[in-house]
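Okay, here's the prediction I keep looking at, along with the sequence it came from:
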Amino acid sequence: MEHHSILVVDDEHVNLMAIMEILQESNPNYKIYNAINGKVACDIAFKKNPSLIIIDWEMPVMNGIEAIKYLRSIPETADTPVIMSTGMMTSAKHLKTAIEAGATDFIRKPIEKLELIARVGSALKLADSLKEVKKQNLLIKKKNDDITGSIEYAHTIQYSLLPDLTEINNAAVADSFIFYKPRDIVSGDFYWYFERKKELICAVIDCTGHGVPGAFMSILGWSALSQIVREFNSISSDLILAELNERIKISLKQSHYNGEIMPPMDGMEVSLCKFDFSSNMVEFAGAGRPMLLVRNGVMTELKGVSYPIGGTSQFYANAEYRSESVSIQKNDMIYMFSDGFSDQFGGENSRKLGSKKFKAILLEISNQPCKDQKIILKQKLFDWMGKNTQTDDICILGLRI
């Protein structure tokens with residue numbers, strides 16, 4: 001059985017004893033404290049944390065209203081039920097003042113025994129409910145902390161798989177930047193690269209979902225891409241995507257669609273570039289994501305195909321991927337990116353930035369050093385978002401030839 005403690009506060013000894021007597025008679029298990037003014041009451045409440053406080057309004061040193069406001073201001077008693085008792089401040093206006101100060105109930109003097117017992121019983125039920133809520137909140141917080149800790153460790157693992165930009169820069173790339181900003185702790189976006197002799201293959205991949213589901217998909221995509229380029233000594237960019245599509249569909253059992261049971265619709269959009277520095281050419285293949293080339297202030301967009309890897313690609317009868325080759329020159333800027341930046345909500349009307357504005361930003365900053373481009377993109381995003389939360393994972397890879 002729950003043993004409750006009650007703090008009774010009144011500067012008149014007769015009233016104090018009368019309330020304590022009624023309480024003790026109604027339940028001998030009550031542990032009762034007493035105080036003669038608000039200041040003493042606050043000290044006792046802080047140290048003893050009673051289940052309920054019954055407090056008089058008019059008292060010396062600190063009155064009941066002042067005491068309630070103080071009790072509500074400290075964590076130890078912020079939620080403790082308080083019954084205001086008074087023989088003078090009995091109007092509706094006074095009741096409103098007491099409730100606004102933080103009282104949970106109101107009782108008039110002279111105290112009626114049955115009314116006091118009923119109000120105390122109701123207040124103690126509230127106290128028990130609050131105690132249970134706090135207990136459950138602590139359990140939830142612990143579970144959330146455990147889950148967050150696991151996800152943060154998963155972030156460490158995921159991040160360790162991402163390539164080091166110094167390695168990319170050493171592969172005949174003059175400069176580069178990566179703007180990588182997960183919406184949650186882990187990301188469904190990722191960037192990837194592979195170097196072989198005079199070849200460099202780079203990609204930005206946007207998996208369905210974000211957070212933990214997206215991160216699972218990103219690990220699947222990273223592993224499949226790495227296996228493909230190692231298994232095939234020389235493979236074109238379109239065939240890389242075709243092979244990736246087959247492996248994702250097999251891994252997610254998307255090849256088993258019989259027209260009745262819908263398979264998983266998870267997939268990924270890819271922008272992939274294969275650089276051949278011996279011939280100064282780049283071969284691009286895209287699945288739902290483009291590649292941008294900026295040369296002398298002019299932007300060229302290579303779009304690839306509209307359907308993704310896996311996911312809805314299974315509904316295209318001729319889901320073939322194609323490659324496009326263009327020459328590259330010194331100081332060309334190449335951009336590959338997910339849709340996270342352009343899909344971010346913000347501005348005065350809280351709408352999407354849009355791909356047109358995003359491309360205009362890239363064109364505007366393309367002549368800047370890569371490290372400065374990243375700084376500018378961060379600021380542009382911050383300014384656009386305002387008070388909005390991040391909509392999606394963001395991944396932008398910029399390469400200076």
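Received the coordinates, thanks. Numbering: from 1, shown residues only.

And the pLDDT at Ile261?
Ile261 is assigned 65 on the pLDDT scale.

same check, this time on Leu272
98.

Got the phi and psi for it?
The phi/psi pair for Leu272 (degrees, to the nearest 10) reads phi -130, psi 130.

Near it, how many other residues are there?
27 (other C-beta atoms under 10 Å). C-beta coordinates here come from the backbone N, C-alpha and C atoms, glycine included.

what do you get for Ala41?
31.

Heading C-terminal from the helix or strand hosting it, find the next helix or strand.
Using DSSP states H and E, Ala41 maps to helix 38-48. Next helix or strand after helix 38-48 toward the C-terminus (DSSP H and E): strand 52-56.

by contact count, what packs against the helix or strand following that next one?
Once the chain leaves strand 52-56, the next helix or strand it forms, by DSSP H and E, is helix 64-73. Judged by 3 or more C-beta pairs under 8 Å, 6 or more residues apart in numbering; DSSP states H and E, the packing partners of helix 64-73 are helix 38-48, strand 52-56, strand 82-86, helix 92-101.

Tell me the secondary structure at the residue nearest to Phe275 when sequence neighbours are not counted.
What sits nearest to Phe275 in space, not counting adjacent residues and going by C-beta to C-beta, 6 or more residues apart in numbering, is Leu200, at 4.3 Å. Secondary structure state of Leu200, per DSSP: H, G, I helix; E, B strand; the rest coil, is strand.

For the stretch 151-300 of the chain, which segments count as helices?
Under the criterion DSSP state H, counting those that start in this stretch, the stretch 151-300 of the chain contains helices at 165-169, 211-231, 237-251.

what's the burial count for Gln254?
Neighbours around Gln254, by other C-beta under 10 Å: 22.

check contacts around Leu397.
Ser176, Phe177, Ile178, Tyr191, Cys202, Val204, Tyr335, Met336, Phe337 (C-beta atoms under 8 Å, 6 or more residues apart in numbering).

can you redo the residues you listed as a markdown table with distance to Thr166?
Listed next are those as a markdown table, based on distance: C-beta to C-beta, whole Å:
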| residue | distance to Thr166 |
| --- | --- |
| Ser176 | 9 |
| Phe177 | 12 |
| Ile178 | 11 |
| Tyr191 | 14 |
| Cys202 | 14 |
| Val204 | 18 |
| Tyr335 | 20 |
| Met336 | 19 |
| Phe337 | 21 |
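
what helices or strands is the helix holding Ala41 leaning on?
strand 5-9, strand 31-35, strand 52-56, helix 64-73.

which residues sit against the last one?
Pointing back at helix 64-73 there. Helix 64-73 is contacted from outside by 9, 38-39, 41-42, 45, 53, 55-58, 62, 77-78, 80, 82, 84, 86, 97-98, 101-103, using C-beta under 8 Å, 6+ apart.

who touches the helix holding Ala41?
Contacts for helix 38-48 (C-beta under 8 Å, 6+ apart): 5, 7, 9, 33, 35, 50, 53, 55, 59, 61-64, 66-67, 70-71, 74, 76-77, 80.
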